[in-house]
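Trainee: Need coordinates for the following:
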Amino acid sequence: MGRPKIEFDEALWNRMQKHAGEAGYSSTEEFVVHAIEKALSGKDAEPDNPKKIKGIGYLDAGLDI
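Mentor: Numbering: from 1, shown residues only. This is a model prediction of the structure:
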């Protein structure tokens, strides 16, 4: 069983090729894999830590505003 293939429209592929080259990736495929890994990083981790979230302002700190 081979790996799944993903097709990109030509304009998007050209943009990815240009960015990959400018950013120093060895190939467009390497850039795409890195972008996907970055987007998924932390998604498989433990649920959000409420203290961490509170520290960045997502949880009500108990203030009546």
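
Trainee: three-state assignment of Arg3?
Mentor: coil (DSSP: H, G, I helix; E, B strand; the rest coil).

Trainee: quick one: pLDDT of it?
Mentor: The score at Arg3 is 81. That number is its pLDDT.

Trainee: For the protein, which helix or strand comes out least confident on mean pLDDT?
Mentor: Lowest on mean pLDDT, DSSP states H and E among the helices and strands of the chain sits helix 50-55, with a mean of 56.

Trainee: Which secondary structure elements does the helix or strand in which Val33 is found sit against?
Mentor: If you go by DSSP states H and E, Val33 is part of helix 28-40. If contacts are counted by 3 or more C-beta pairs under 8 Å, 6 or more residues apart in numbering; DSSP states H and E, helix 28-40 sits against helix 10-23. In this view, the C-beta of every residue, glycine as well, is placed from N, C-alpha and C.

Trainee: Let me know the average pLDDT across the helix it packs on.
Mentor: Computed over helix 10-23, the average pLDDT equals 96.

Trainee: so that helix versus helix 28-40, what angle?
Mentor: Angle of helix 10-23 versus helix 28-40, following axes from the mean of the first three to the mean of the last three C-alpha atoms, to 10 degrees, is 90 degrees.
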